[in-house]
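Novice: attaching a predicted model along with its sequence, questions to come.
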Amino acid sequence: MVSDRKGATTFRTGRHAFEKVLKECTVLVLVLPRTPESLNLISTKELSTMKRQAVIINVARGGILNEDALLQTLRERQIAGAATDVFLEEPAGPHNSALLTEDTKDINLIVTPHVAWVAETTTRDMSLITKLNVEAWHAGRPVNVVV
């Protein structure tokens, strides 16, 4: 299921009411930009409507999923678990994120650094692709052209 915007009264093709998605999903994956409208999009009210077996995965931006509300929901076992690689403040640590404190060890929470994609092979591949693109352009055969 794909949600339309929170509060929408008409829905784009293939989209569902935000509230319906929260109530029916078992896995909620957050993939959206952080804007003034999306800040704290998922907080206590939204989390309380979800199924107990639901899991939230936040790969969007920090601040869309309210960290304090998520932590409370996990502690009370209102949802099954969560995973995130983004935080309201980055770089994140125990000093600025409740999700990274010692007392989160016993809840079903997975956190990874937002820069997890910066692997040696990724950096090498990006450099090679850049080199090949420049060489192709110089030879009059541009590739990966964005118009």
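Specialist: Good, I have the coordinates.
Novice: poorly predicted segments of the protein, please.
Specialist: Per-residue confidence of the chain (counting by pLDDT under 70) places the weak regions at 115-118, 147.
Novice: quick check: residue 25 touching residue 53?
Specialist: No: counting by Cβ atoms under 8 Å, residue 53 is not a contact partner of residue 25; they are 10.2 Å apart. For the C-beta atoms, the positions are set from N, CA and C on the backbone; glycine is no exception.
Novice: quick one: contacts of stretch 72-79?
Specialist: Residues external to stretch 72-79 that are found in contact with it (Cβ atoms under 8 Å, 6 or more residues apart in numbering): 44, 47-48, 50-56, 81-82, 107-109.
Novice: which of the residues you listed fall in helices?
Specialist: Taking DSSP state H as the definition of helices, those contribute 44, 47, 48.
Novice: and which of these is nearest residue 139?
Specialist: Comparing the ones in helices among the contacts of stretch 72-79 against residue 139 with Cβ to Cβ places residue 47 closest, at 54.7 Å.
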